[in-house]
Each structure stands twice: as structure tokens, then as C-alpha cells.
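Engineer: Return a 3D structure for these sequence lines:
(chains A and B, ligands or ions: 2)
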2 protein chains.
Amino acid sequence: PAAVSPDCRKVMVIGGDGYCGWATALHLSKQGYEVAIVDSLVRRLFDEQLGTYTLTPIASIQERLKKWKEKSGKTIDLFVGDICEFQFLESCFKSFEPNAVVHFGEQRSAPYSMIDRSRAVYTQHNNIVGTINVLFAIKEFSPECHLVKLGTMGEYGTPNIDIEEGFITITHNGRTDTLPYPKQASSFYHLSKVHDSHNIAFTCKAWGVRATDLNQGVVYGTFTPETQEDEALINRLDYDGIFGTALNRFCVQAAIGHPLTVYGKGGQARTLEFSTRGYLDIRDTVRCVELAIANPAKLGEFRVFNQFTEQFSVNELAKLVTKAGEKLGIEVKTQSVPNPRVEAEEHYYNAKHTKLMELGLEPHFLSEGLLDSLLNVAIKYAARINTSLIMPDVSWKKIGVTPRTLVSKQP
Amino acid sequence: PAAVSPDCRKVMVIGGDGYCGWATALHLSKQGYEVAIVDSLVRRLFDEQLGTYTLTPIASIQERLKKWKEKSGKTIDLFVGDICEFQFLESCFKSFEPNAVVHFGEQRSAPYSMIDRSRAVYTQHNNIVGTINVLFAIKEFSPECHLVKLGTMGEYGTPNIDIEEGFITITHNGRTDTLPYPKQASSFYHLSKVHDSHNIAFTCKAWGVRATDLNQGVVYGTFTPETQEDEALINRLDYDGIFGTALNRFCVQAAIGHPLTVYGKGGQARTLEFSTRGYLDIRDTVRCVELAIANPAKLGEFRVFNQFTEQFSVNELAKLVTKAGEKLGIEVKTQSVPNPRVEAEEHYYNAKHTKLMELGLEPHFLSEGLLDSLLNVAIKYAARINTSLIMPDVSWKKIGVTPRTLVSKQP
Ligand SMILES: NC(=O)c1ccc[n+]([C@@H]2O[C@H](COP(=O)([O-])OP(=O)(O)OC[C@H]3O[C@@H](n4cnc5c(N)ncnc54)[C@H](O)[C@@H]3O)[C@@H](O)[C@H]2O)c1
Ligand SMILES: NC(=O)c1ccc[n+]([C@@H]2O[C@H](COP(=O)([O-])OP(=O)(O)OC[C@H]3O[C@@H](n4cnc5c(N)ncnc54)[C@H](O)[C@@H]3O)[C@@H](O)[C@H]2O)c1
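Structural biologist: Ligands and ions are numbered 1, 2, ... in the order given. Reported below is the predicted structural model:
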């Protein structure tokens, strides 16, 4: 790896025990950054509570870091605690003194945020307060520190015009201004990211914070070179109805002969797309974050990058998985299930994503090769799959005020 | 008053002990609506904690309601509690069964939200969670109930194009869509309102909630016909650096010979305005809310009205107060003080506000008469004024993580 600039050498990865955070922490460590993970491990608690679990058997964070030290000779610091508790976050900042903070540490499942009222409130409280605390910690203890914050492409919704990267220039009644791109999020989770973005933009202006908001697409895949080095370094792969994301779920379904569950009624017009979204390989997630860190925002700058590499409709994904399955001798069926979400199914979708390319991103495209490898991981661990966790169980419309117990779904 | 439609007869006024809420509750009661006030009275606690107090000596909520019953023969129900506690809100909904909820019940001071980290977090938590709870209560217990939610013109910031009412039609790369108007709020308080608006818009789409978001300008004045009926019904009038709003503060300053404190360096170009904002008389606040209730949004509709009647720059306000003072024989001076906020001082400002006019609003304009009456109230209670509370004491840039004690400012 190229030499790391001393201005961005020390990177705090909040949420570093999670799916994107773990892969990123190892990648940065390998590249020569000094890395500290801050995580409350609450994601592991959600699994316990909902009876869900990763397909890949992940090690504890302590074992993970021990193994990484063994394999790479590198130490990653660990701070276990909740960033909503400011005193904890303060102690992390004072002891580690980061040059950059990558903030993955939020409740990140849209269905989870739509289970019941208390989880909706938890999601917004956890995400908003955590981010406000990070902003105050930067202002107070490390004003030069660059915040790299994970947002989501879902913040934009599906407008009938092209989606730009964070801002749009509008000419209206003869005057022109460049304004934040209008947001239309459609779950309490996605909304929490919209709120974060507004809060961060304000502190960039008011306090001179430097920040990069990464509006990430749906991430797929499980392996990065570092997580592949040892079974104890393996990354999580969620396939259940609550934490599993589109393509990862499809591959797991294909591996055990479960029909691919496509939401909605199907049907696809020529110019309209059917639930089209932006996607990226997890190997690109880690690289995008590194590019953002290595090319920091200026003091006071609020920068937005759309972080994905390709757009697919769900139907296109289903076809790709079906084709990849054929090559492995698996017959893949598709089943249309009622859409538990409230979202436009047929819509225009064209989102820009050039800024990270301009910084040097070389995408891993969703080739059949990758499908093979993701499919093969699913096949390898197929015996661990609990099929009762696959179907969506959370409905946007049926969400109520009574806390929902999901213990009946335990394997 | 004209007959009230049974579809909107029962109105729950959340925050009904506050400045706008109290005047609105009495107005609606007088008009024949059945009114219930829900309030935690936390605003009175803020005063105790900060050593601030209303210029007008307000009665307790219990005395207020007793006096109103005596004067008008009408009962207003009272529920004292915090809407962030869902079980409390649930019991209010179940016992009162509202047709409409007017939601004033938030922490509403921008400087308060910028005192320290814990008050920034409190403001966003209190406002966001309270509003989410109201949305869940409507969905679960009164799905037909119309939410009339108080937002602020400050959500829009000061874009260089005309401000529309909630939505803007954008043509971009040859395609057109009508999208939420971009928001650029500039305090943790104003941001909380932006977050509320996004959350409400989502539930209108997902659950079919009907809502009117009132982006209110700066309210001035203290008397409405109902609050004038008895000394025990008098409304609050804040003049301190934390809760006092622009024009109300100026009148109090004028009344005691304190120079008007104009933020910023002054200077005013021809096409640019100097800290221009929208203003309205409190007698129009109560009327706007009634118009929204009497003409409810459709199920699933998210409607936005800009609620103000005139635009003024701070310099224009200062001039008006100076002129009104002259007529009362008071010499009014103006003093430029450093702007404690971070905001554009010279900027274009042209905000639409036709929707409430179309529903029949007949504005009270800021005539000299009103200034006289507001000035006269200030003169009447001048002996109660604590001049040490007048100067701004909260700086947007100096906000820190340490909780600030303000007891030293007690009168
Ligand atoms: N996975 C995706 O496809 C995807 C897509 C777009 C955006 N994102 C964003 O990327 C980030 C990471 O996503 P992920 O898939 O790795 O999620 P994840 O749930 O696997 O990881 C999040 C981690 O944050 C931790 N965390 C949560 N709240 C915390 C708190 N208050 N204090 C300390 N730690 C806390 C959790 O314990 C967990 O380890 C999230 O912000 C998510 O919204 C992910
Ligand atoms: N006053 C203005 O100039 C102005 C301008 C624009 C918008 N607004 C909006 O109008 C609304 C009312 O403003 P105001 O000036 O009357 O404020 P206020 O502080 O006088 O009244 C707010 C009331 O809400 C109550 N409250 C706050 N949090 C609560 C909770 N969690 N549970 C129950 N009660 C709670 C307080 O006790 C208080 O009585 C606010 O939402 C404010 O943002 C006011």
C-alpha cells in the first residue's frame, strides 16, 4: 500500500463490529492506517432478541482482533460502548485523538425501524443523538478531524428527475441557487439518515466541521481480501427478513432452493424501472471510505458522494441470480410476495455517482464470477440457514404501538 | 361565531399552556370548539432554571382554566404530562377522542437549543419523539384525526430563490417533478422542525395520516380578545435573550429606554435584505390554526402553509418601533450587537404565503396602532423588567459539551 498521509493516519471506525465497519477497519489497518473500533455491539443483541443470525459464523470482536494481530502484526484498538453516552465518546476521542472518524454506528435496518413504535423511536434516537454527539466531540476535542458519515441512497426516494450528489442547482422565477437535494425517505430508518445529513450540514456551516456524507447504495458480498485470511476474520452475512439486504438474500435463497422473494406485483415498463436501486460490492465500500479519508473535505465543507457502482431493478437481480444458479446446477424460481413496504414500485431512477470515480474508484462489477462466489458462500453454510427467517414479517402499514415480541421465530 | 362542523369539533391543543397554544385554546373554545389542553408545563420549568420570566404576570394553568370557565361558561379539559411518554398520550387520546390535534408542544427556542450539548440533544429528542408519538397515537386511536403541526419559516433558511409553500416544481435535465422544498435550518431547534416535517410527510404516505404543517413566521403581540377578558387570562410575553422573539423584544427594550439590540453589522443593499423574516400578529396565529382545522387536509395528504402576513428586515422593525416610540414621547436608540447566530445577514428573501389567505385569513397588519398597544403593554409592566436578561448570552459558535449553569443571571 502507498504511504498514508500523517494528516489522516488515525481513523476511528464507529460501528466497526458491523458488516461494513468490520471490513473497513481491516482494510484500513492493512493499508497502514492506525485504526480504533468503537462499537456497543448492540447489533449482536438485536440478533439475540429477534432470533436472527448471520449465515457466516462470526467470531467475537475480541477473537477477531486477536486473530488480526496474529495474521497481520497490526493492533486495532477497541472501545466498547454506546456513542449516545457522551462521556464514553469523549474518552474515546481523548485517548485515540483521531484524524478521521468513519461513522457506521447506527441502527441500519429499515424493517427493524418499522417493527413497532418503540423501535421506530429507538432508531431515530440512537442515530440522531449518536451523530450529534460525534459532531460535538469533533468540535470540542478534534476540530480538524474529518467526519466520514454513512448515509443511504434511500434518503432521496424515487423522484421523477435525475438524482444528483447531495445538491441540485435550481432556477426558479428567474433566480438560481444550489440547494440541498430534496429528500423523500420512506422508513423511520431512512428518515434518521435524512435528519443526520441536515444536522451535519448545519455544523459544517456553524462550527467549521469538515464532513463527507456517503449516500451508500445496497451493499452485497461478504469477502474482502482481509476477511478471507482466516475463518475467525469472516464477515457477517445477513439473509433474514429484517437485516438481509436484496442481493445477499437472493443468493442465500437460491442456495437452499427457496424461491427468490421479489416484492410487489412485477411488471416492468420500458422507461420506468421496477424498484431500481444502486448497488455496490463490499470490496468497493471499503475502498470508497478509504478514498474519502485520503482526500478529506476542507474545514467547513459538507460534501456528499453517492456511493454505489451500478443500478439494478429487482427483476434484473433475480435474473442474474437465476443465471448464476444454472451454472452451478441449481434451479432458481422466483416468487412474487406482497410488498411489505410503502414505496413506488414502478418509477424513473437515474442517480449520479461520479465523484468517487473521480477520486479513483475502480469498481468491482456484479459479474457472474462474483455471483458464483457469493452463491458459493451461501452453499457452503446452507446447513445453518433457518428458512423461517426468510420471509418478510414486518409491514409498513401494520406497524403499531405495542412492542412486538418475535421470540416465536427463533430457530 | 359560525357553527362548528362536527367533523372537527373536538380539538386537542398540545402545548396549550404556551404563548401560541394558550391564545389558540381560548380562541377555539370561544368559537364553539370542544378543547382539551395537553401540556407538561416544562416551559415554566425552563424559566425557573434559566432565571427568565414573562413580562406579563401569567396565572397557573389551573387558575387560567378556572377563570375561563367563570368568564365564558366553557370548560377546557386539561391533561398534564409529557407527550414523549406514550402511555400518557395514549390515555389523552382515548379519553378525549380528538377530531384534530394542534401540536404546539415542543421546545421552541433556537438559543435554548444552542446553550449546550445536552440542551441541543434535549430539543431534538423532545420534539422528534413527541411528534412521532402523536403520529402513532393518530394511526392507532384516531386515524381520521387531522394533525395541525407547528413548524417554522426558519426551516427554509435564506435561499437565493423564492420560497414556496412546502413544495417546489423542478425541471432538471428535461424531466419535471414536484418535490419537498429544500431545507437549510440553522439551529438545533430549527433542524428539529425539519426532521418533524420529514417524519410527518412519510406517515401521510405510509399510513394515510392527514396533516397540515404550518411554517409559522415570528409571532408578535400578546393580546387576543379572549386573553384580554381578565388579568388571569393574560398571555405570556417573553423579552429575554433566550425566549424573546424579535419585535416583542424591541418593544420591551423601547419601553425601558434600552437601545434596540440589532444583531450584526447593519448595512442594507437595494435588492438584498438585512435579516428579513416573515412576521404575524398573535391574533392571526389563532385564526390561521382555526382555518386549518375548519378546512382539514384529506386523508393521506401532507399540506404545508407558510403562516405569516408580512416580511420585515430587522432594520425596518427598528425604524417602526422608533417611530411608534416617538408618538409616545419615548426616545428610542438602536445598538448594533455582534450576531450570536450563524446566518447570512444580507440575503434575498421572498416567501410565498397565499394559501391561508385563500382560506379566508384577513391579516392584522403591523400598524402603528398595534405597536402602540404592544409598546403600552411593555410600559405597563416595565417595573418587572430585568435588564440583565435582555442581552443575548448564547453563541452559536461557543456552544460546548459542558452543561451551562445560568443561575448567575437570576434577577
Ligand atoms: N449494509 C448496507 O447495505 C448499507 C447500505 C447503505 C448504508 N449503510 C450504512 O452503513 C452503516 C453500516 O451498515 P452495516 O450494514 O455495517 O450495519 P451493521 O448493523 O452491521 O453495523 C452497525 C454497527 O454499529 C453498531 N452501533 C449501532 N448503534 C451504536 C451506538 N449507539 N453506539 C455504538 N455502536 C453502535 C452496531 O453494534 C453494529 O456493529 C450504517 O450506518 C448503514 O446505515 C449500509
Ligand atoms: N413564538 C413564535 O414566534 C413561533 C414562531 C414560529 C413557530 N412557533 C412554534 O409554535 C409552537 C408554540 O410556540 P410558543 O411560542 O407558543 O412556545 P411555548 O414554549 O410558549 O409553548 C410550548 C408549550 O409546549 C409545552 N411542551 C414542550 N414540550 C412538551 C412535551 N414533550 N410534552 C408536553 N408539552 C410540552 C411547553 O410546556 C409549553 O407550554 C412551537 O412549536 C414553536 O416552534 C412559534
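Engineer: got the residues of chain A near ligand 1?
Structural biologist: Proximity of chain A to ligand 1 (Cβ under 6 Å from any ligand atom) is limited to residues A:15, A:17-21, A:39-43, A:82-84, A:104-108, A:126, A:130, A:150, A:152, A:216, A:218-219, A:245. In short, each C-beta sits where N, CA and C put it, glycine included.
Engineer: does whichever residue of the stretch 1-150 of chain A sits closest to ligand 2 sit in a helix or strand, and which one?
Structural biologist: Nearest to ligand 2, among the residues of the stretch 1-150 of chain A, is residue A:121, at 13.0 Å (Cβ to the nearest ligand atom). Element membership of residue A:121, judged by DSSP states H and E, is helix A:117-141.
Engineer: can you tell me which residues contact residue A:214?
Structural biologist: Contacts for residue A:214 were tallied using Cβ atoms under 8 Å, 6 or more residues apart in numbering or on different chains; they are A:148, A:149, A:150, A:151, A:288, A:289, A:292, A:305, A:307.
Engineer: Can you read off the pLDDT for the first one?
Structural biologist: The score at residue A:148 is 98. That number is its pLDDT.
Engineer: quick one: is whichever strand or helix holds it near chain B?
Structural biologist: Counting by DSSP H and E, the element that carries residue A:148 is strand A:146-152. No - Strand A:146-152 lies out of reach of chain B by Cβ under 8 Å from any Cβ of the partner chain, never closer than 13.7 Å.
Engineer: in its sheet, what does that strand sit against?
Structural biologist: Strand pairing for strand A:146-152, using DSSP bridges, gives strand A:100-103 (parallel), strand A:210-216 (parallel).
Engineer: Can you identify the element that follows the last one toward the C-terminus?
Structural biologist: Spelled out, it's strand A:210-216. strand A:218-220.
Engineer: what's the distance between that next one and the middle of its chain?
Structural biologist: Here strand A:218-220 is found 7 Å from its chain centre; the criterion is Cα atoms, centre = their mean, to the nearest Å.
Engineer: next one: stretch A:139-155
Structural biologist: 15 Å.
Engineer: Can you list the buried residues in it?
Structural biologist: A:139-142, A:145-155 (16 or more other Cβ atoms under 10 Å in any protein chain shown).
Engineer: pretty sure the residue of the stretch 1-150 of chain A closest to ligand 2 is touching residue B:130, no?
Structural biologist: No - if you go by Cβ atoms under 8 Å, residue A:121 and residue B:130 don't touch, sitting 10.3 Å apart.
Engineer: Quick check on these two: which one has the bigger neighbour count.
Structural biologist: More crowded of residue A:121 and residue B:130, by other Cβ atoms under 10 Å in any protein chain shown: residue B:130, with 24 against 20.
Engineer: Leaving aside the residues adjacent along the chain, what's closest to that one?
Structural biologist: residue B:83 (4.4 Å; Cβ to Cβ, 6 or more residues apart in numbering or on different chains).
Engineer: Double-check the one you found against residue B:132; I have them as touching.
Structural biologist: No - Residue B:83 sits out of contact with residue B:132 when judged by Cβ under 8 Å, with a separation of 9.9 Å.
Engineer: Count the residues that sit near residue A:340.
Structural biologist: For residue A:340, the neighbour count with other Cβ under 10 Å is 19.
Engineer: can you tell me how far it sits from ligand 1?
Structural biologist: 18 Å (Cβ to the nearest ligand atom, to the nearest Å).
Engineer: Look at that residue and give its secondary structure.
Structural biologist: Under DSSP: H, G, I helix; E, B strand; the rest coil, residue A:340 falls in the coil class.
Engineer: for it, what are its contacts?
Structural biologist: Contacts of residue A:340 by Cβ under 8 Å, 6+ apart are A:111, A:263, A:392, A:393, A:394, A:395, A:396.
Engineer: any chance you could read off phi and psi for the closest residue to the second one other than its chain neighbours?
Structural biologist: The shortest distance from residue A:263 to any residue other than its chain neighbours is 4.0 Å, reached at residue A:339 (Cβ to Cβ, 6+ apart). The phi/psi pair for residue A:339 (degrees, to the nearest 10) reads phi -70, psi 120.
Engineer: Go ahead and confirm residue A:339 touches residue A:274.
Structural biologist: No - with contacts counted by Cβ under 8 Å, residue A:339 stays clear of residue A:274, the gap being 11.1 Å.
Engineer: joint contacts of these two?
Structural biologist: A:264, A:345.
Engineer: Nearest to ligand 1: which residue in chain A?
Structural biologist: Taking Cβ to the nearest ligand atom, ligand 1 has its nearest neighbour within chain A at residue A:18, 1.9 Å off.
Engineer: distance of that residue from residue B:72?
Structural biologist: From residue A:18 across to residue B:72, the span is 59 Å (Cβ to Cβ, to the nearest Å).
Engineer: hmm, back to that, what's the residue nearest to residue A:263 in contact with, if anything?
Structural biologist: Residue A:339 neighbours (Cβ under 8 Å, 6+ apart): A:263, A:264, A:345.
Engineer: dump the residue contacts of the first one.
Structural biologist: Under the criterion of Cβ under 8 Å, 6+ apart, the contact list for residue A:263 reads A:275, A:314, A:336, A:337, A:338, A:339, A:340, A:341, A:345, A:392.
Engineer: Residues in a beta bridge with it, which ones?
Structural biologist: Beta-bridge pairing for residue A:263 (DSSP bridges): residue A:337.
Engineer: That one and residue A:188, how far apart?
Structural biologist: Look at residue A:263 and residue A:188: by Cβ to Cβ, they are 19 Å apart.
Engineer: Kindly report the same for the second one.
Structural biologist: When distance is defined by Cβ to Cβ, residue A:264 is 21 Å away from residue A:188.
Engineer: Show me which of those two is the more surrounded one.
Structural biologist: Set side by side, residue A:264 and residue A:188 show more neighbours around residue A:188, with 28 against 19, by other Cβ under 10 Å.
Engineer: Touching, that one and residue B:203? I think so.
Structural biologist: No - using Cβ under 8 Å, residue A:188 is not in contact with residue B:203, being 9.4 Å away.
Engineer: and residue A:312, what is it in contact with?
Structural biologist: Applying Cβ under 8 Å, 6+ apart, the residues contacting residue A:312 are A:276, A:277, A:279, A:320, A:366.
Engineer: So for residue A:267, what pLDDT did the model give?
Structural biologist: Residue A:267 is assigned 45 on the pLDDT scale.
Engineer: Same check on residue A:407?
Structural biologist: 48.
Engineer: cool, and residue A:392?
Structural biologist: The model reports residue A:392 with a pLDDT of 88.
Engineer: Quick check, it in contact with residue A:111.
Structural biologist: Yes - assessed by Cβ under 8 Å, residue A:392 is found in contact with residue A:111 at 6.9 Å.
Engineer: between the two, which one's more packed in?
Structural biologist: Shown here are residue A:392 and residue A:111; by other Cβ under 10 Å, residue A:111 has more neighbours (22 against 18).
Engineer: Assumed residue A:305 was part of a strand.
Structural biologist: Yes - Residue A:305 sits within a strand when classified using three-state DSSP.
Engineer: who touches it in this structure?
Structural biologist: So residue A:305 contacts A:165, A:166, A:212, A:213, A:214, A:215, A:288, A:292, A:353, A:355, A:356 (Cβ under 8 Å, 6+ apart).
Engineer: at 10 Å what do you get?
Structural biologist: For residue A:305, the contact set (Cβ atoms under 10 Å, 6 or more residues apart in numbering or on different chains) comprises A:148, A:151, A:165-166, A:212-216, A:288, A:291-292, A:352-359, A:361.
Engineer: Give me the pLDDT value at it.
Structural biologist: We have a pLDDT of 98 for residue A:305.
Engineer: Quick one: distance of stretch A:224-240 to the chain centre.
Structural biologist: 16 Å.
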